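Participant: can't give you the sequence, but here's the structure:
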């Protein structure tokens, strides 16, 4: 990007330099990463359409309602990715304090009368036109950027080989503030993702193992305290109880998970065919276009189709790991590692809860589930990964 600045007395050379630089950016993009994200969003649009086209109470009589909105969310997300690549992760590094402050203000706004409760979680801000915003999705990004900025500052400057204890403590403070606010909503699923992001960032930074083990111990003690002090809502406690004992309340709190497993199991190897799933068309699985969208794939596309989704997610994680390994700056490595931790845990949790091996936590499947805030956030993350790759030295 810096190569765009040339003398104003050589307009032809300037135009040629811009064209060459743009061609270089296009050639240096990670196309397997981009292609996998696009493929997941396309598959997600079909699954969301299948899950909602017959639900008049949700679609207001328009079977294409969620399909168009999902496609619109994806288009906006791709636009945000392009904007992120154009700005560059290094430019965003200088804007981190402002972005972080905005994200904290937004999550605080959820606790005011501006906040709204959706599916039991008081984690949304309702906007005009029937739109809504979930600030915690964007907070994941600002936590990654904020921790990376602090942990890498002195290392990238050559003053240290690894972040010292004071630097790590500051970085943890950056993460703890929004996490505490989100916990008050309470949005336990998002807090779980943020905690994994923190661990991923610290591991990538080369921080002392004492911090890692200390945080694991503190996290365990904190979970016990949250349970004992009654911070969680009744429905969240019931979800964990149903996970521990699926037969506890099969017609109540365990209903979602039981129906999800039935839907996935009925798909067999190749599935019943798109739009032909009896569990999906019969509307037996609640929230199937969002948290339980993987059940549509399991039933209608079968093991092969559901497996393809997992493979595409795996390709994204593989390419992100490669980007983290190849960058020559610690800042880029930590940003990539935070995104890897985010995508890996959230995907595992979402798919795991539909299979009954993880508790229901209300987390969307990246790129696949319906939801504007989550779609925008994951595409910004792809933009950050692409920027790290594009701006790496040519020899890397």
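Facilitator: Right, received. Where do you want to start? Predicted, not measured: the structure shown is a model, and the values here were computed from it.

Participant: which residues touch the residue lying closest to residue 160 once chain neighbours are set aside?
Facilitator: By the measure of C-beta to C-beta, 6 or more residues apart in numbering, the closest residue to residue 160 outside its immediate chain neighbours is residue 154, 4.6 Å from it. Bear in mind the C-beta positions are built from the backbone N, C-alpha and C, glycine included. Shown in contact with residue 154 (C-beta atoms under 8 Å, 6 or more residues apart in numbering): 160, 163, 164, 167.

Participant: just among the residues you listed, which is most surrounded?
Facilitator: Neighbour counts for the contacts of residue 154 (other C-beta atoms under 10 Å) peak at residue 163, which has 26 neighbours.

Participant: tell me which residues touch that one, please.
Facilitator: Each residue near residue 163 by C-beta under 8 Å, 6+ apart is listed here: 150, 151, 152, 154, 155, 171, 205, 206, 207.

Participant: widest-spaced pair of these?
Facilitator: 150 and 206 (13.7 Å; C-beta to C-beta).

Participant: of those two, which one has the most company?
Facilitator: Counted by other C-beta under 10 Å, residue 150 and residue 206 do not tie: residue 150 has more neighbours, with 23 against 16.

Participant: distance check, the more buried one against residue 91.
Facilitator: According to C-beta to C-beta, to the nearest Å, residue 150 and residue 91 sit 18 Å apart.

Participant: low-confidence ranges, the stretch 51-200 of the chain, go.
Facilitator: 119-121, 129-130 (pLDDT under 70).

Participant: how about the strands in it?
Facilitator: 115-118, 121-126, 132-133 (DSSP state E, counting those that start in this stretch).

Participant: in CSV: the ones you listed, plus mean neighbour count and distance to residue 51.
Facilitator: Shown next, in CSV, are the strands of the stretch 51-200 of the chain (neighbours: other C-beta atoms under 10 Å; distance: least, C-beta to C-beta, whole Å):
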stretch, mean neighbour count, distance to residue 51
strand 115-118, 14, 17
strand 121-126, 19, 20
strand 132-133, 18, 19
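
Participant: got the ones you listed as TSV, with distance to residue 201 columns?
Facilitator: Shown next, in TSV, are the strands of the stretch 51-200 of the chain (distance: least, C-beta to C-beta, whole Å):
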stretch	distance to residue 201
strand 115-118	28
strand 121-126	23
strand 132-133	25
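
Participant: what's the closest of those strands to residue 260?
Facilitator: The nearest among those, by C-beta to C-beta, is strand 121-126 at 18.7 Å.

Participant: parallel or antiparallel, which strands does the closest one pair with?
Facilitator: Strand pairing for strand 121-126, using DSSP bridges, gives strand 115-118 (antiparallel), strand 132-133 (antiparallel).

Participant: which residues does it contact?
Facilitator: Residues contacting strand 121-126 (C-beta under 8 Å, 6+ apart): 106, 109-111, 114-118, 132-136, 182, 185-187, 190, 362.

Participant: try 10 Å this time
Facilitator: By C-beta atoms under 10 Å, 6 or more residues apart in numbering, the residues outside strand 121-126 that reach it are 106-107, 109-112, 114-118, 131-137, 182, 184-190, 233, 235-236, 362, 373.

Participant: could you list which of the residues you listed belong to helices?
Facilitator: 106-107, 109-110, 135-137, 182, 188-190, 235-236, 373 (DSSP state H).

Participant: okay, those residues in CSV with distance to residue 85 and neighbour count next?
Facilitator: CSV is the format used below for those (distance: C-beta to C-beta, whole Å; neighbours: other C-beta atoms under 10 Å):
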residue, distance to residue 85, neighbour count
106, 24, 20
107, 26, 28
109, 29, 14
110, 30, 24
135, 24, 27
136, 24, 28
137, 20, 22
182, 28, 24
188, 33, 23
189, 29, 24
190, 26, 27
235, 40, 13
236, 38, 22
373, 21, 20
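
Participant: can you name the two of those residues that are farthest apart?
Facilitator: 106 and 235 (24.2 Å).

Participant: per-residue confidence at residue 396?
Facilitator: Looking at residue 396, its pLDDT is 43.

Participant: just residue 389 next, same as before
Facilitator: Value for residue 389, per-residue pLDDT: 92.

Participant: that one in helix, strand or coil?
Facilitator: For residue 389, the secondary structure call by DSSP: H, G, I helix; E, B strand; the rest coil comes out as helix.

Participant: ok, it to residue 382 distance?
Facilitator: Distance, residue 389 to residue 382, using C-beta to C-beta: 11 Å.

Participant: more neighbours, the two?
Facilitator: Under the criterion of other C-beta under 10 Å, the comparison of residue 389 against residue 382 puts residue 382 first, with 28 against 22.

Participant: contact partners for the more buried one?
Facilitator: Residue 382 neighbours (C-beta under 10 Å, 6+ apart): 30, 33-34, 36-38, 77-78, 80-81, 84-85, 316, 319-320, 339, 343, 366-367.

Participant: returning to that earlier point: so which of the strands of the stretch 51-200 of the chain is nearest residue 355?
Facilitator: strand 121-126 (22.0 Å).

Participant: just want the phi and psi numbers for residue 206.
Facilitator: Dihedral angles of residue 206 (phi, psi; degrees, to the nearest 10) stand at phi 80, psi 20.

Participant: joint contacts of residue 150 and residue 206?
Facilitator: Contacts common to residue 150 and residue 206, judged by C-beta under 10 Å, 6+ apart, are 163, 334.

Participant: my read: residue 363 touches residue 291, true?
Facilitator: Yes - when contacts are counted by C-beta atoms under 10 Å, residue 363 is listed as touching residue 291 (6.9 Å).

Participant: so what sits against both of those two?
Facilitator: Joint contacts of residue 363 and residue 291 (C-beta under 10 Å, 6+ apart) are 189, 350, 353, 369.

Participant: list the contacts of residue 84.
Facilitator: 91, 92, 141, 379, 380, 381, 382, 383, 384, 385, 386, 387.

Participant: mind redoing it with 7 Å?
Facilitator: Residue 84 makes contact with 380, 383, 384, 387 under the criterion C-beta atoms under 7 Å, 6 or more residues apart in numbering.

Participant: perfect, I'm done here.
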